[in-house]
Each structure stands twice: as structure tokens, then as C-alpha cells.
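Asks: here is a sequence together with a model predicted from it:
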Amino acid sequence: MTMRKNPEGTRGSNAMCHPAGQLFVFSMVAACLLFAESLAIHPSSGMRAERGRRSALAVKKVKTYRDFNELASPSALLSSPRSETEETVINGDHSTDPSIINAMNNNDDTVVQHTSSKAQTQTTAEQPLSIWPQFDDLDKRMIKIALPCIANFAINPLIGAVDLFWVNRMGNALAVAGQAAANQVFSSAFWVVSFLPSVTATLVSKANAQGNKEELQDAVSQALVVGFYVSLVGTFLMLRFPEKVLSSVLKDGAPALQYAKPYLFIRSFAFLPSLVSLIGFSAFRGTLDTSTPLKISLAANAFNGILDPILMFTLAMGVSGAALATLSAEVISATFFVMLMLRRQLFRWSKIFKLPSWSKLKPLLKGGAALQLRNVALNVTFLAVARVTQSLDETGVAAAAHVFQVGGIVLLALSTVAQTVVPNELIEKIDATTGKRHGGKSDAKAVVNRLMSWGFILGGILGALQLLLLPLLQKSSPLEEVRQAAVMPSILASCYQLMNGLVFIGEGIMVGCGNFLQLSLSTVVATIGALISLNTLPSIFGLTGVWMSFGVFNSLRLLGVWLHQTRFGPLANSNMEKTIVQ
């Protein structure tokens, strides 16, 4: 067995002279600069003290807003300061509307309330809303939505860890590598068409905020119809051409193929139930119900965890038993989601079997086409990573060490929260109890700032925690060579969590704002950088070079997030000012 080891000092120095090495260094430096700018002394964004001031006061606020931003850093954790101008100013001058005039008269002495202190009367001054977590009403509202979502996202990786644990108990590195390769191929094929859940969640969130139940049902029903046909194509291709599909990860004649093919054959039938489950999850998430999907995932994946040892060892099915257990869990999950969506009237069978009009189908397909480009770019990267990792050695040790890594499931969950909360906040609503307006760009800006700060903090905490738990995590494999190969990649993965916190949530915000094309183009650029790095760094640094390439990939994605929140996004400073002037 020969594993590529890190070169000696001279060789490593020469490697940095290579364009790919220079790209890695540039990416890390750029990421550090973005962090430095994001954490520069930055005034807190303010919380509006009043709703709907008279237009004379609105003009004063516009001037104050501009003066305020002249002193501010270009970004606040990769986002610009929140506009203090009210939605009434953003939407134009409403001073001629009697109802608005009455509302402004009634609200001249509005009290600004903060959870950190008792309410204090404020008539003209505005109290700042910090971009950093304060555990105030805004934080509590986001946490209430986020916690079930985080738990839900934590379940699947944990169950995946259970599968990996039992496959590792076979004591065969090739079995681990084969299962990992087949799982990567299925996941890549599945996520190529996973634009449906992301677009569905955004459309459902907007319809739910507007109280439009018909539009909500249309969004879910059309996603299920499109998902059905897409899943049939995906399942057929994997069943009909398993060798060609697996060749994207494994070389022809690779020893791990004997374990990968039977696993992929069984997992192929999970394409439809997996997609139905994700659409169901997105539908509930769009209505701000994240508890129901959590309960469904717990039930289905508990069943998977129980079946794994029974099928793999008691019935001696090996790797195929792990695939069958996962398929069973997906079918149970999809069944629960369909039953509960019908009960909640999130879709109707009549809409499923009715040919949708182009006007109703257009938003789903338009957003989906843009996200499709992103999904293809992401999976080109992940498949390239898997293929390079598999090619590092013929024993499967590198592949086993690579799949050993732990991801930032909390950050991914917060990304989906951003996809739901941001579009909901962008819709202006009137509280039925108080009659006050809420929502709009100002509220959305506050949510974005707070989400980004949470991402930065949690990314740092998760990275530190992963480093502390590294000795325990390594015990998931009984193979000493796998544990040794995983040390440096695990350290790099932990360090990248800080960057991931901003990237994941920032890209979720881009989806929530409906800027699908911007997100896709950013991901394509990042993929190009990753492919250039993967072409060189792994041949010099081995498995560590693969994770260095991940650093290049996420650094370029971070740049895309920064550009969206400071230059091109709807909540960027310049765009907010343009809207105010209009």
C-alpha cells in the first residue's frame, strides 16, 4: 500500500509556485480580507421607532440614512447596514392617502420596545438594532423556526454516520469506498434536479405571507408533478447504465465496484420518494412549520437505524442491506408527507392531474432553470472531488478517510431558514390585532444582517468543536490507516467552517431574494477555481490537496455572497437608496 505523503519543505515550496498553488494562496488571502472587512468597526443598523412618518420626516430620514452610510463599512458581515427608511417611504409618498395619514398621526408617539430592556418612550429618536445576536424578539423568532430545521438536517447526516458505522464494522475498506462512491453518485444525480425544493419553498413562503392559498397549492402541486417525471428519468438512467454512472467516480475495473453496483441498484428506487419528501419539507417550511418535517424525519430514519444491522448482518446482505434500509426510510417519509400535505390542504389531487397553465408554471421553471445551473456546477465539483479521492490509491483508504469528514449541518439548516424567512419578510403585511404594518425591505434587511452574524458566530463555534471532537470522531473507523489519512483533512474542514457559516447563509439569502441567476453564476466561477485546484494540488499534497481545493471553492463562493449583499442584491446599499429616491 502506498499513500502519497506530504512533500518535504522544498517540494512544498515549489508547489506554491504552481498556478493552482497560487490560486489556493490567493483564495485564502482573499477570504481573510473579506473577513477583515466584514468585522471592521461598523455602526449597528437601526430599528425603526415609528411606522409611516409624515413625508417631511421621511425626507429627513433619507438624508440621515445617507449620512449614516458614508461613515459605515461597505458590509456588515458581508451585508450592508439596514435602511432606516420605512416601507411607506420605499413604496413612494403616501401622504395623500387618508388611511396612511391617520396611521401616521396615531403613531407619532410610538414606543420602541427592546427585549433587553423595558420599553422606553421615544418620539423622534431611533434605537439601533445590532447586527449581532441579542436574543431579542428577532432572534427568538428566527430560533423558533431554525431549531426544528437544524434538528431535521442533523438527522440525515447522523443516520448516514450510522450507515457508515455499520459498513465500517465489516472491516473492509473497499466496502466503505464502494458504498461511499455509489452514495455520492446517487446524491449527485438527485441534487442535480433538487432545484424543485428550493424554488418551491420560496414560492410557498411568498404565497403564505400574502394569504393566497390557491397560489400556495399551485406551487406545491406543480412541484410534485414535475418531480414525478424528473425522478422517473433519474431512476431509469441509474438502473439502465450503472457502470457509466459510477464511472464518474470510480475508474473502470476499480475493486470497489463490486460493492458500489448493488448499493446503487437498490438506492435508485429511492429517487421518487426522496424528491417527494424534499418537496414536502419545503412546503411545510414555506408555511413556517418546521416541526412537522422533523417528526416525520425522526420516525423514518429511526426505522432506518433499526434495519441497518438486521439487514446487513443478521440477514447477511452486507452493503446492499444498508441501501435497502435507506430506501425503506425514504418510502415511509414520502408517505407521511403526502398524507399530511393533503390533510393541511397544501395541495389537491385535482391540481395534480390537471395540466397547469404556462403562467402558473413559469415561476417554477424559470427559477428552477437558473438553480439547475448551480446544481450542475456543485455536482461537477463534488464528483470531481470524489473521483480524485478515489484515484489517490487503489486500496480505498483515501476514499474512506474522505467520507469520514463531518459537515456543518447547522449552517446548512440556517441556509434553508434564510430561504424561507427572507421572502416572507419582504412581503408587507398588516397585523390583524394592532393594525400596524410590518415586513418589507427594512425588516428583511434586519433579518439578513442578523442571519449573517449568526452564521459567522456558529461557523466559528462549529469549527472549534469539530477540532475538539476530532479524536472521538476518528474512532468511527477501526482502520488505523483511514484514521491517519483523515487527520489533516479534518483540521482543514474545521477551519473552513468559519467561511462556511457566511457562505451557506449568504447563498440561502440569495435564494430567498429570488436572485437565482446571480447565485448560479457565482457557483460556476467557484467550480472553475475548484477544478483548476483539483487538477494539481492532490497530486502534490494527496488527500490534503483535495481539501485545499475545497478552500478555493468556498472562498470564491464567499466572494459571490459579498458582491450580492454589497453591490448587486436588492438589499444592497445602492439598491436600497435607489428605491428610497423613487
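Replies: Thanks, I have it.

Asks: run a quick neighbour tally on L342.
Replies: Neighbour count for L342, taken as other CB atoms under 10 Å: 12. The C-beta positions use only the backbone N, C-alpha and C, and glycine is treated the same way.

Asks: hey, C-alpha coordinates of stretch 375-385 in PDB?
Replies: Only the C-alpha atoms of stretch 375-385 are listed here, as PDB (Å, rounded to 0.1, in the frame of the first residue of the first chain):
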ATOM      1  CA  ASN A 375     -26.700  22.300  -9.000                       C
ATOM      2  CA  VAL A 376     -24.800  21.100 -12.100                       C
ATOM      3  CA  ALA A 377     -21.800  23.200 -11.100                       C
ATOM      4  CA  LEU A 378     -22.000  22.000  -7.500                       C
ATOM      5  CA  ASN A 379     -22.200  18.400  -8.500                       C
ATOM      6  CA  VAL A 380     -19.400  18.700 -11.100                       C
ATOM      7  CA  THR A 381     -17.300  19.800  -8.200                       C
ATOM      8  CA  PHE A 382     -18.400  17.100  -5.800                       C
ATOM      9  CA  LEU A 383     -18.000  14.400  -8.500                       C
ATOM     10  CA  ALA A 384     -14.500  15.700  -9.400                       C
ATOM     11  CA  VAL A 385     -13.600  15.600  -5.700                       C
END
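
Asks: residues in contact with the residue nearest to K351 when sequence neighbours are not counted?
Replies: Leaving aside its sequence neighbours, K351 sits nearest to S221 (CB to CB, 6 or more residues apart in numbering; 3.8 Å). For S221, the contacting residues are F347, R348, K351, I352, P356, by CB atoms under 8 Å, 6 or more residues apart in numbering.

Asks: next, S221: secondary structure please.
Replies: Following DSSP: H, G, I helix; E, B strand; the rest coil, S221 is assigned to helix.

Asks: do you know how far it is from F347?
Replies: In this view, S221 and F347 are 4 Å apart by CB to CB, to the nearest Å.

Asks: run through the neighbouring helices and strands of the lengthiest helix in the chain.
Replies: If you go by DSSP state H, the chain has its longest helix at helix 358-391. When contacts are defined as 3 or more CB pairs under 8 Å, 6 or more residues apart in numbering; DSSP states H and E, helix 358-391 sits against helix 173-192, helix 195-210, helix 213-240, helix 397-403, helix 516-534, helix 543-563.

Asks: quick one: closest of these to Q390.
Replies: With CB to CB as the measure, helix 397-403 is the member of those nearest Q390 (5.2 Å).

Asks: tell me the mean pLDDT over that closest one?
Replies: Averaged across helix 397-403, pLDDT comes to 51.

Asks: ranges for the strands of the protein?
Replies: Taking DSSP state E as the test, the strands found in the chain are 45-46, 111-112, 120-121, 128-129, 429-430, 437-438.

Asks: lowest average pLDDT across these?
Replies: strand 111-112 (a mean of 36).

Asks: okay, the helices and strands packed on helix 358-391, which one's buried deepest?
Replies: Ranked by mean neighbour count under mean count of other CB atoms under 10 Å, these are led by helix 397-403, which reaches a mean of 27.

Asks: coming back round to it: emit the PyMOL select command for whichever of the contacts of S221 are buried.
Replies: A single PyMOL command selects the buried members of these (16 or more other CB atoms under 10 Å):
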select buried, resi 347+348+351+356
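
Asks: need the contacts of S221 in CSV with pLDDT, can you?
Replies: Formatted as CSV, the contacts of S221 follow (pLDDT from 0 to 100):
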residue, pLDDT
F347, 92
R348, 90
K351, 88
I352, 86
P356, 70
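
Asks: name the nearest of the contacts of S221 relative to S453.
Replies: S453 lies nearest to F347 out of the contacts of S221, by CB to CB, at 36.3 Å.

Asks: wait, the closest one touches F337, no?
Replies: No: judged on CB atoms under 8 Å, F347 makes no contact with F337 at a distance of 10.6 Å.

Asks: contacts only, for A464.
Replies: Contacts of A464 (CB under 8 Å, 6+ apart): S494.

Asks: distance of T434 relative to S282?
Replies: Distance of T434 to S282, computed by CB to CB: 31 Å.

Asks: more crowded one of these two?
Replies: S282 (27 against 9).

Asks: so the more buried one touches L203, yeah?
Replies: No: using CB under 8 Å as the test, S282 is too far from L203 to be in contact (9.2 Å).

Asks: now I427: phi and psi?
Replies: Here is the backbone geometry of I427 (degrees, to the nearest 10): phi -90, psi 120.

Asks: tally of neighbours for it?
Replies: The burial count for I427: 18, using other CB under 10 Å.

Asks: shift numbering so it begins at 358
Replies: Let's use 358 as the start, then, which means that last one is I784.

Asks: residues contacting the nearest residue to it once chain neighbours are set aside?
Replies: Closest residue to I784 apart from its sequence neighbours, by CB to CB, 6+ apart: A566 at 3.9 Å. A566 makes contact with P780, N781, I784, K786, G796, according to CB under 8 Å, 6+ apart.

Asks: tally of neighbours for S714?
Replies: For S714, using other CB under 10 Å, the count is 10.

Asks: so it versus G643, what's the distance?
Replies: From S714 to G643 the distance is 21 Å (CB to CB).

Asks: where does the stretch 408-557 of the chain dip in pLDDT?
Replies: Applying pLDDT under 70 to the stretch 408-557 of the chain flags the ranges 408-486, 511, 513-517, 549-551.

Asks: hmm, 90 instead?
Replies: 408-531, 533-557 (pLDDT under 90).

Asks: count of residues packed around the residue lying closest to L771 once chain neighbours are set aside?
Replies: Closest residue to L771 in three dimensions, ignoring its sequence neighbours and counting by CB to CB, 6+ apart: I862, at 5.3 Å. Applying other CB under 10 Å, we find 32 residues neighbouring I862.

Asks: isn't A883 up against L913?
Replies: Yes: proximity of A883 to L913 meets the contact threshold set by CB under 8 Å, at 3.8 Å.

Asks: test my guess that E785 contacts S799.
Replies: No: using CB under 8 Å, E785 makes no contact with S799, being 9.9 Å away.

Asks: these two - which one has more neighbours?
Replies: A direct count of neighbours by other CB under 10 Å for E785 and S799 places S799 higher, at 26 against 18.

Asks: what's the spacing between that one and T592?
Replies: With CB to CB as the criterion, S799 and T592 are 46 Å apart.

Asks: show me what contacts C852?
Replies: Per CB under 8 Å, 6+ apart, neighbours of C852: G820.

Asks: let's see it at 6 Å
Replies: Under the criterion of CB atoms under 6 Å, 6 or more residues apart in numbering, C852 has no contact partners.
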